[in-house]
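1. Using only what follows, build the 3D model:
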Amino acid sequence: MATRKSNLDLEVKDLELSEIGENIGLQATPSDLIIYDSSKDSSEAFWNRAFRSEHFSMVFLINGTLSLKVNLLDYALDANSVIIIPPSSIRQLTWDFEDTKFISLLFTPEFLKSSGILGKYFNVANFLRQGLSTHRKINEEDQVLLLDLIEIIAKLQVRTDDKDLHFEMIKNIFKSILIKVKPYYDEMETDPDYSNTIIYRFIKLLSEFYLSNREVTFYSEKLSINEKYLSQLLKKKTGKTARQFITEMVVLEAKVLLDNRSLPVKYISDHLNFENQFHFSRFFKQYSGMSPSNYRKQVFDMEV
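-> Next comes the predicted model:
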């Protein structure tokens, strides 16, 4: 896992493509593009676990249902849905192993740039914006075509001959997938200033300041709106108040930190700016249903 430093020099684990590839048993996995198939690949590293990653995830749900939490927003996907999760998002996925199947294209921003799509097809970048996930329903015929293209990429990835040629083919097929998905996002009925909406700006502010500022007033003042209006707007659009968003952000970050077994709970408490370990443990148990130590034990018992 890659690591990042906090203000206390704590190492926060990120789940990156190299470890995902290792977890699902891929050999000599390219570091910039991975195909994950829920029906045959291991999910121990991330099923029902909050983690942060610097790669894009494009998830195609074939059948069943998939529940996601991305940067505090909840998504429920059913068959023939696609969702794109941007880098730096904290994400958590759960699904029924027997009834649900999905295919994910996991790719780095560098691979996206190398495909050559962002210059010629600039608008494609619009639905790959940072900060918020976007999901759409696609028709079955297009779904079949997209899955066929993904299967071709998978076959090319294991070829050992003419690697440069096959890599160029992979990039072009990848570009074709994005071009095919693009019209569904062009049809989205959104505000022209969607990236500047209050909800988007609130979440961006929250991800930046939640460690030091946990009062709703701070965010409403930053947004130049009334505190009550902010919570009412969030509640109407997302089902959660501003206070709930703030609390969930802290809980999610705590789970990501607890996923690193080398970090003592006291250090995590300090990093999250709690007065002491007792207050952190009480807070975490109140909002997650278990103590930090029990949560950590549950996570690592799943790996055994």
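2. so where's this protein uncertain?
-> Counting by pLDDT under 70, the chain has low-confidence residues at 1-14, 23-31, 118-133, 187-196, 300-304.
3. show me where it has helices.
-> Here the chain has its helices, by DSSP state H, at 17-23, 109-114, 117-120, 140-157, 163-186, 198-209, 216-223, 227-238, 242-258, 265-271, 277-288, 292-301.
4. nearest spatial neighbour of the residue nearest the centre of the chain, skipping sequence neighbours?
-> The centre of the chain sits closest to R91, judged by Cα atoms, centre = their mean, with a distance of 3.7 Å. Spatial nearest neighbour of R91, chain neighbours left out: V70 (5.0 Å); criterion: Cβ to Cβ, 6 or more residues apart in numbering. (Each C-beta comes from the backbone N, C-alpha and C, glycine too.)
5. out of the helices of the chain, which comes closest to I62?
-> helix 140-157 (7.3 Å; Cβ to Cβ).
6. Show the contacting residues for the residue nearest to R91.
-> With contact taken as Cβ atoms under 8 Å, 6 or more residues apart in numbering, V70 is in contact with I85, S89, I90, R91, Q92, S133.
7. and it, how far is that from A50?
-> Separation of V70 from A50 (Cβ to Cβ, to the nearest Å): 10 Å.
8. Now for the two: what residues contact both?
-> Joint contacts of V70 and A50 (Cβ under 8 Å, 6+ apart) are I90, R91, Q92.
9. From those residues, pick the one nearest F209.
-> Closest to F209, out of all of those and judged by Cβ to Cβ, is I90, at 15.5 Å.
10. Surely the closest one and A254 touch.
-> No: here I90 does not reach A254: they are 11.0 Å apart, not a contact under Cβ atoms under 8 Å.
11. Tell me which of these two has more neighbours.
-> A254 (24 against 20; other Cβ atoms under 10 Å).
12. Give me the spatial nearest neighbour of that one, chain neighbours excluded.
-> With sequence-adjacent residues excluded and distances taken as Cβ to Cβ, 6+ apart, A254 is closest to F284, at 5.7 Å.
13. Go ahead and confirm the one you found touches P292.
-> Yes: with contact defined as Cβ under 8 Å, F284 counts as touching P292 (5.1 Å).
14. Spit out the residues that contact those two alike.
-> Shared contacts of F284 and P292, defined by Cβ under 8 Å, 6+ apart, comprise A254.
15. okay, the two: which has more neighbours?
-> F284 (26 against 21).
16. quick one: contacts for the more buried one?
-> V251, A254, M290, S291, P292, Y295.
17. mind checking the backbone torsions on the fourth one?
-> Comment: the main-chain dihedrals of S291 come out as phi -70, psi 160, following degrees, to the nearest 10.
18. residues in contact with it?
-> Contacts of S291 by Cβ under 8 Å, 6+ apart are S281, F284, K285.
19. wait, which of the residues you listed is closest to T108?
-> Checking those against T108 with Cβ to Cβ, the nearest one is F284 at 32.3 Å.
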